[in-house]
Structures are given as structure tokens and as C-alpha cells.
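[1] sequence and predicted structure, then a few things I'm wondering about:
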Amino acid sequence: MMTVNEVSKRTGVSIRTLQYYDKIGLLRAAGRTEAGYRLYDDAALERLQQILLFRELEFPLKDIQKIVENSAFDRQKALEQQITLLTLKKQHLEDLIGLAQKIRSTGGMVMDFTAFDTQKIKKYTEQAKKEWGETPEYKEFEEKTAHKTEKEVKDMSSQLMDIVAAFGGMQSKDPADSEVQAQVKKLQEFITEHYYNCSKVILNQLGQMYEAGGAFTENINAAGGAGAAEFAQKAIEIYCK
């Protein structure tokens, strides 16, 4: 685990920015020290890398949060698209450098404006965004959150986490217990009301993601206690059958 100060020094991201990311729910700390300072694990650092790559591509924070929290998000596919976009930006900068060098060597204006053309970058960015948000669930989520404030979206995420984290306090029960299953139903209804139509197929996929490791598992277990994410997955699996 690394402190917020250590993460800031290692990544170059300011402490204030890390605190803000935690505040809006984009990058939650994995835990706290006894003194209350934020702590970050490998899963959080992995998520931070994704966020920073999207920021380099000039994606707004709101879009980044929607993308990385989308149940259909494919990290490997996104990484390949990010590499393509960064390569296009690199070529654009090299073209600009080449033009500047040509102007310097000729000592005057060079009537060539192709180096300023960014249409290829814009076109690919639009295509990538469309692919990341092409699922009906993502589109429904966008529609439901379009007119919400940043605080409202954050509060909604906190409420969702509270519902999932509550499974941690039920681990003494059987996952098939009626009270546990009622909690799964509550989770499904909350997602349907505030995010998108949460069918049993989608709910089951979410459950698998909860216990698959990485940021989701770490955050749920941090909020609900060790084993909360894994127990939630078992309860969801039973409910969906």
C-alpha cells in the first residue's frame, strides 16, 4: 500500500488531484491510515494509469468515469485504441516539428498547412467513444445522468456502493438466505432505477466483475469488509439462476 504522498511522487499527479479523484468517486483510496491519510494499492494504481491515459487524450473526467465504470468496459480493447490515438497524436506533433524546421531552414513562410490537420485524430476519437458507449445500457445510463450534477452522480455511486458493501455484514448467512436474496433484489432495482435496465444476465455479469479482482473487488471489500465482494457474487449467482 502507498500513501497519497508516495503515489503523488511516483506518478507526478498532485495530492490535490488525487484527493479530488477520490472525492468524485473516480479513483477511490483502498484504505486509510490510523491518522486518516489515504492509501492506494496496485489495483488503484492500475486504474490511475487508465485515467491518465484518457486524460492525455483530452477526455473529460465525467466521460472517463462513465467509461471505466461501464460493465461492458473492455480494458484491453480500450488500451489498444489509446495506443492508436497516442500514435496519431505523435505523428501530428512530428508533422508540426517538421513544418517548423522547414520554415526555419528556408527563412520564410512555407505554404503548407497539412500539419495542422487534426481530422484523423478527431474522427478516430469519435469512433472510439462510440464503441465504448455503444451498448444500450451505456446509452441509457448517459440519458439518466445527463442532467444530474457532479454531486448527484457521486451520491448515486455512494448509495450503490453502500448496497453492495452491505453483503459484507451478511456473510454469516447462507447466500441463498431470503434476507441475502432480498438484498440482491434491492441492488438490481437500484441499478435499474438509476443506471440502466439491469436484467439478470447483466446482474450476473456485474457479480462476476465484483469478485474478479482489481479495483471493483478492492473497493467493495474496503467498504464492506474482507470477502464482501466474493459473497455478493455468490448471492447474485444464486438469484440469477
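    That came through fine. Residues are numbered from 1 along each chain as shown.
[2] against residue 228, how distant is the closest residue in space to residue 174 that isn't next to it in sequence?
    Take residue 174 and drop its neighbours on the chain: the residue closest to it by C-beta to C-beta, 6 or more residues apart in numbering is residue 180, 7.2 Å away. (Each C-beta comes from the backbone N, C-alpha and C, glycine too.) According to C-beta to C-beta, to the nearest Å, residue 180 and residue 228 sit 12 Å apart.
[3] anything in contact with each of those two?
    Common neighbours of residue 180 and residue 228, counting by C-beta atoms under 8 Å, 6 or more residues apart in numbering, are residue 167.
[4] which one's more surrounded, these two?
    Counted by other C-beta atoms under 10 Å, residue 180 and residue 228 do not tie: residue 228 has more neighbours, with 25 against 22.
[5] who's in contact with the more buried one?
    Residues counted as contacts of residue 228 (C-beta under 8 Å, 6+ apart) are 164-165, 167-168, 171, 220-221.
[6] next, format these as CSV and append neighbour count.
    CSV is the format used below for those (neighbours: other C-beta atoms under 10 Å):
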residue, neighbour count
164, 23
165, 19
167, 28
168, 20
171, 18
220, 24
221, 22
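[7] helices of the protein, start to end?
    Taking DSSP state H as the test, the helices found in the chain are 4-11, 15-23, 42-56, 61-68, 75-106, 119-132, 136-145, 150-165, 178-194, 200-210, 215-224, 228-240.
[8] nearest to residue 35, out of these?
    In terms of C-beta to C-beta, the element of the helices of the chain nearest to residue 35 is helix 4-11, at 11.6 Å.
[9] may I see the buried residues of stretch 231-241?
    Using 16 or more other C-beta atoms under 10 Å as the burial criterion, the residues of stretch 231-241 that qualify are 231-240.
[10] would you mind giving those as a markdown table with pLDDT and distance to residue 144 added?
    A markdown table is the format used below for these (pLDDT from 0 to 100; distance: C-beta to C-beta, whole Å):
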| residue | pLDDT | distance to residue 144 |
| --- | --- | --- |
| 231 | 96 | 28 |
| 232 | 96 | 23 |
| 233 | 95 | 25 |
| 234 | 96 | 29 |
| 235 | 97 | 25 |
| 236 | 96 | 22 |
| 237 | 95 | 27 |
| 238 | 96 | 28 |
| 239 | 96 | 23 |
| 240 | 94 | 23 |
